[in-house]
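A.B. asks: the following block contains a protein sequence and its predicted model.
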Amino acid sequence: MKVALLTDCYLPRLGGIEVQTHDLAAHLMARGHEVEVFTATPGPLGERHGVVEVVDDVPVHRMALRLPWELPVNPLAPPEVRRRLQAGGFDVAHVHMGVVSPFATDLAGVALGLGLPTAITWHCLMERSRAVFRLLGHARRWGEQGAALSAVSGVAAASVQTVVGDHEVAVFPNGIDTDRWAPPAGGVRDHGGPVEVVASMRFAARKRPLAVLEVAARARKLLPADHQMRLTVYGEGPERRRLEKFVAAHAMGDWVHLPGRVTRDELRESYWRSHVYLTPARLEAFGIAALEARTAGLPVLARADTGVGDFVVDGESGVLGADDGALVAGLVQLVSDDALRQRMATHNATVPPAQTWPSIVDLAEAEYRRAGAV
């Protein structure tokens, strides 16, 4: 098949949708499909206005405008994208939706208007955009026009279902390269000394980075004297100053570290040296960082009402809590119960998650057939 991936955001921006669409393109090509990407994100050298840049062997149509803060928005793009889709001989379009996706929303209409088989995947929960989608009726109309609708987790699919009526919303998860993230045979964790707790996220309010510090601070006060922990929170963003102030105000500097953003390889190696992964996010449609940590052998501590529940089983591969209080109790349990923590770590290191890339490409092909591609 020849596949058009339509997304507001793409590399060199860094985030869940950006990385996943890039990796999906690579794995579709490895399966023998042709792939091209259409995005409103400018290239690393400012490529925009329809320039086609080849990124890792994939043609990327940079339909970006010159806007403040490089916003991935272009209301002028639909006519040119329509022309390129018509001329390109595409078999299917795959639209990737975030919380606010004006570019992808426009292009979903373009693809369906051309009669092109179209799959549409939401990478977000609908809580912040439900009223807009209900008012405008986009998602319901896409279903009526035959689009194959999906979301990245069961929680996200249920959220999308509330705005599309009776149209089926399948689960199309994010993927993980298990060979890349699985720990070396025998592991590299040091089981002596403090338990190393790690988190990784954008320092944005929606991800609740401050809650990481609050949960850890409360848990540390409840730990037995002979069980200590250290916390490392990777990431950058507008909330950094608040985190630094909290660490200083609560005298946490001797056991909390905020090293900033690191490469994926550096993050993986940090996971291999750590013992527990913590994420308190509430509006988490999937949780790619948590999946990476689980694949790297870390027990995952997360909210039960998020997409993390699709790949973390409470009591087996991690601990899922209903609220921050439950996360505090779960962290105390994981830090103080060495046998429990090591049992979960062994399970995660030896039992890969279901969201491997070969299985995700199988699902992608199934979604494209469901949309009408042959």
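C.D. replies: Alright, I've got the coordinates.
A.B. asks: shaky segments in the protein?
C.D. replies: 128-131, 134-136, 186-191 (pLDDT under 70).
A.B. asks: domain ranges for this structure, per the record?
C.D. replies: 2-175+356-370, 178-350 (automatic domain parsing).
A.B. asks: count the neighbours of the closest residue to Glu239 other than its chain neighbours for me.
C.D. replies: Nearest in space to Glu239, with sequence neighbours left out and distances taken as C-beta to C-beta, 6 or more residues apart in numbering, is Phe203 at 4.1 Å. Quick note: C-beta positions are derived from backbone N, CA and C, even for glycine. Per other C-beta atoms under 10 Å, the neighbour tally for Phe203 reads 21.
A.B. asks: can we start the residue count at 2 from this point?
C.D. replies: Shifting the count to begin at 2 puts that one at Phe204.
A.B. asks: wait, isn't Phe204 in contact with Gly238?
C.D. replies: Yes: Phe204 is within contact range of Gly238, at 3.1 Å (criterion: C-beta atoms under 8 Å).
A.B. asks: find the residues that touch each one of these two.
C.D. replies: By C-beta atoms under 8 Å, 6 or more residues apart in numbering, Phe204 and Gly238 have these common neighbours: Pro210.
A.B. asks: ok, which stretches of the stretch 202-351 of the chain are helices?
C.D. replies: 210-223, 241-250, 265-274, 289-296, 325-337, 339-351 (DSSP state H, counting those that start in this stretch).
A.B. asks: out of the ones you listed, which one sits most buried?
C.D. replies: helix 289-296 (a mean of 26; mean count of other C-beta atoms under 10 Å).
A.B. asks: helices or strands up against that one?
C.D. replies: On a contact count with 3 or more C-beta pairs under 8 Å, 6 or more residues apart in numbering; DSSP states H and E, helix 289-296 meets helix 17-31, helix 179-182, strand 196-201, helix 265-274, strand 277-279, strand 301-304.
A.B. asks: contacts for it, please.
C.D. replies: Residues contacting helix 289-296 (C-beta under 8 Å, 6+ apart): 17, 20-21, 175, 177, 179, 182-183, 199, 201-202, 268-269, 272, 278, 280, 285, 301, 303, 309, 312-313, 318-319, 349, 353-354, 356.
A.B. asks: could the helices of the stretch 202-351 of the chain go into a markdown table alongside distance to Ala171?
C.D. replies: Formatted as a markdown table, the helices of the stretch 202-351 of the chain follow (distance: least, C-beta to C-beta, whole Å):
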| stretch | distance to Ala171 |
| --- | --- |
| helix 210-223 | 31 |
| helix 241-250 | 38 |
| helix 265-274 | 28 |
| helix 289-296 | 19 |
| helix 325-337 | 30 |
| helix 339-351 | 26 |
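A.B. asks: re the thing from before, please, a PyMOL command that selects the buried ones among the contacts of helix 289-296?
C.D. replies: Only the buried members of the contacts of helix 289-296 enter the following PyMOL selection, criterion being 16 or more other C-beta atoms under 10 Å:
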select buried, resi 17+20+21+175+177+182+183+199+201+202+268+269+272+278+280+285+301+303+309+312+313+318+319+349+354+356
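A.B. asks: ok, back up a step: need the helices and strands packed on helix 289-296 in a markdown table (columns: distance to Leu46).
C.D. replies: Formatted as a markdown table, the helices and strands packed on helix 289-296 follow (distance: least, C-beta to C-beta, whole Å):
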| stretch | distance to Leu46 |
| --- | --- |
| helix 17-31 | 17 |
| helix 179-182 | 28 |
| strand 196-201 | 28 |
| helix 265-274 | 22 |
| strand 277-279 | 36 |
| strand 301-304 | 38 |
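A.B. asks: what's the spacing between Leu66 and Ser102?
C.D. replies: Applying C-beta to C-beta, to the nearest Å, the value for Leu66 to Ser102 is 16 Å.
A.B. asks: whoops, Ala171 was the one
C.D. replies: Ala171 sits 19 Å away from Ser102, going by C-beta to C-beta.
A.B. asks: next one: Ala365
C.D. replies: Counting by C-beta to C-beta - Ala365 and Ser102 are separated by 19 Å.
A.B. asks: swap in Tyr278?
C.D. replies: Distance, Tyr278 to Ser102, using C-beta to C-beta: 28 Å.
A.B. asks: over to Glu237?
C.D. replies: The gap separating Glu237 from Ser102 is 23 Å, by C-beta to C-beta.
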